[in-house]
Every structure is written in C-alpha cells, then in structure tokens.
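Colleague: Provided below are the primary sequence and the corresponding predicted coordinates.
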Amino acid sequence: MFRSRLAIKIGLLIVVVLIIGFGVSTLVTIQRESAALVEQNKTAARRLTATLVASIEGAMLQGRPDVTRMMLKELKASSPVVEFMVYRRNGVEAFTDLATANQVMKTGNLSKEVMENLARMQRAPGATMSGPLFQQALDTLTTQESVTREGGATFFTLHHPIRNREACQDCHGS
C-alpha cells in the first residue's frame, strides 16, 4: 500500500513536471516566433518604404508630381498598409495642394499639362506632422522607427527622410 501511494505520487510529480516543461517550452517558442514575425514585418515595411521612395524620386526627376500624387492615392485605397504619408520639411502633407508646384512652375520646370493635372487632384492637406522622431529624422537625415499601440493594435512607424539631392535642387532648391 505504501509503495502504491509512493508510485502514484512519483507518477503525478513526473506528469506535473512534464506539463510545466512542455508549457514553458511552448511559451518560449511562441515568443520567439512572434518576435521573428514582427521583425519580418518591419523588414517588409522598410523595403516597401525604400521602393516607394525610389518611385517618388523617379517620378519627380521626370517632372511628374501628378504621377506621384496618383500613386499615393491608389496606395492608400488598395494597400494593406494602414497609412502612408509624405510630408514636407515643415510638417505639412506633401502632394495635396499646389504650394510646391507653384514654386516649381516659377522656375519653368513643370509643364502646363502636369500643373493642370495637379490642380484637378488637389485637396486640403491632412494633419500637420510633428514630434521628436519626425524632427530627428529631418535633423539627422536618417530613418527613425517607432512601435506604438493604439486601440489594442500595434503599429510600426517609419520616418524616412527623402534627401534633397543635387538633381532635385533644380526644382526644389538647396
């Protein structure tokens, strides 16, 4: 009888240790996989941003800000990306109004057809961008990243400055 109870206790102890061990192992694996998935999503966001910046630069160097404006509009309408915004240095949303286009028009670097297209697509800019990461991206010309939680959802935000290269300065100045 004594041996029987001891065997049951040892058996229960082994089962409890196995359950705890497998439980901890499962939790650690889930945390590692979750972290790897988050990092993959961050990498995908960085690549998408680099691709979009290259598209914006290409269209702008060809004197076609209207193409850029249309691309941004389509991206916002059909993309799994929650939000993609382009801001001027002063924090005002770019590619919405004619402020920059009017300045470029004075230099003669924008065709009348493009200006007409832009006029048809103009809208009021969204909320002004500000904050320490935005300012740091402008000051250092390096990408700033943040992860925030809003309403139970996690968001990864990139503040990626577009450099004012020499080729850009014909229209945008130095």
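Modeller: Nice, I can see it. Residues are numbered from 1 along each chain as shown.

Colleague: Would you mind giving me the confidence score for residue 162?
Modeller: On the pLDDT scale, residue 162 is placed at 90.

Colleague: Using the three-state scheme, assign it.
Modeller: Following DSSP: H, G, I helix; E, B strand; the rest coil, the label given to residue 162 is coil.

Colleague: residues contacting the residue nearest to residue 142 when sequence neighbours are not counted?
Modeller: Once flanking residues are discounted, residue 142 sits nearest to residue 161: 7.4 Å by C-beta to C-beta, 6 or more residues apart in numbering. Yep, even glycine has a C-beta here, placed from its N, CA and C like the rest. Contact analysis of residue 161 by C-beta atoms under 8 Å, 6 or more residues apart in numbering lists 137, 138, 141, 142, 143.

Colleague: how near is residue 161 to residue 136?
Modeller: Look at residue 161 and residue 136: by C-beta to C-beta, to the nearest Å, they are 10 Å apart.

Colleague: quick one, phi psi at the residue nearest to residue 142?
Modeller: When read as degrees, to the nearest 10, the backbone of residue 161 gives phi -70, psi 140.

Colleague: From residue 101, how far out is it?
Modeller: Residue 161 is 21 Å from residue 101, where distance means C-beta to C-beta.

Colleague: now residue 18
Modeller: Here the criterion is C-beta to C-beta. By it, residue 18 lies 69 Å from residue 101.

Colleague: That's all I had, so thanks and see you.
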